[in-house]
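Chemist: need coordinates for the following:
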Amino acid sequence: MVDYKNKIQEIRTNIQNCHLCELHKTRDITVPGEGPISSTIMFIGEAPGKINNEVGLPFVGHGGKIFDKILSLCGIERKSIFITNILKCWPPENKKPKTKEIQYCKKYLFDQIEVIKPKIIFALGTTAYETLTNKKIKIKKEHGIPIIINNIKIVPIFHPNGIRYIKGGIKTIVEDIVKNI
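Modeler: Model (predicted):
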């Protein structure tokens, strides 16, 4: 029988010790993700931000406040979900992840998914969705529309940090989440 608690700790340790790409040189601390391994819902973003890099937790700071508000409006407790990003280290200046960085970090993400076995993954933004599915997306047209891969519902939603560019902002994200849980 697999000890999932030890397995998730092993993944966390591998992330903390990772030197596969250049991001390890500029990070303060890795941001492996947080949440219970028994969670049925995962939220996956693109990459940690500067504040995440300083505290080692995903979705804190300004974007985290918006994310927490969205969760509250959906009736979801943060402590009941697993939250992570494609990249596990902050790309300085919050630059878009490079293909090579994604390729190196993707293994850690897929290992986390394998251990947690969520029923639903909400992919926050285009990069997260395309990494998870290998499918291109026009998120403004396809947000909230799920696909099933390996018995997991994967739902593209807007990233909370981009709400100022979204018609309907928070309301749109909440609707996309609620109709898929």
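Chemist: quick one: residues contacting residue 119.
Modeler: 40-41, 152-153 (C-beta atoms under 8 Å, 6 or more residues apart in numbering). In short, each C-beta sits where N, CA and C put it, glycine included.
Chemist: what count of nearby residues applies to residue 153?
Modeler: Here the count is done by other C-beta atoms under 10 Å, and residue 153 has 16 residues near it.
Chemist: hang on, the earlier thing: got the contacts of residue 119 as a markdown table, with distance to residue 81, secondary structure and pLDDT columns?
Modeler: Compiled in a markdown table, these are given as follows (distance: C-beta to C-beta, whole Å; DSSP: H, G, I helix; E, B strand; the rest coil; pLDDT from 0 to 100):
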| residue | distance to residue 81 | secondary structure | pLDDT |
| --- | --- | --- | --- |
| 40 | 8 | coil | 97 |
| 41 | 5 | strand | 98 |
| 152 | 14 | strand | 98 |
| 153 | 14 | strand | 98 |
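Chemist: filter those residues down to the buried ones.
Modeler: Buried subset of the contacts of residue 119 (neighbour count, 16 or more other C-beta atoms under 10 Å): 41, 152-153.
Chemist: returning to that earlier point: of the contacts of residue 119, just say which sits nearest to residue 174.
Modeler: Nearest to residue 174 among the contacts of residue 119 is residue 41, at 14.4 Å by C-beta to C-beta.
Chemist: please tell me how far that closest one sits from residue 154.
Modeler: Residue 41 sits 12 Å away from residue 154, going by C-beta to C-beta, to the nearest Å.
Chemist: any common contacting residues for these two?
Modeler: Common neighbours of residue 41 and residue 154 (C-beta under 8 Å, 6+ apart) are 120-121.
Chemist: residue 155 should be in a strand, yeah?
Modeler: Yes. Residue state for residue 155 (DSSP: H, G, I helix; E, B strand; the rest coil) corresponds to a strand.
Chemist: and the pLDDT at it?
Modeler: Among the per-residue scores, residue 155 holds a pLDDT of 98.
Chemist: 714 is where my numbering starts, stick with that
Modeler: Understood, numbering begins at 714; the last thing we discussed is residue 868.
Chemist: and it, bridged to which residues?
Modeler: On the basis of DSSP bridges, residue 868 is bridged to residue 835.
Chemist: quick one, what contacts it?
Modeler: Contacts for residue 868 (C-beta under 8 Å, 6+ apart) come out as 833-836, 857-859, 889-890, 893.
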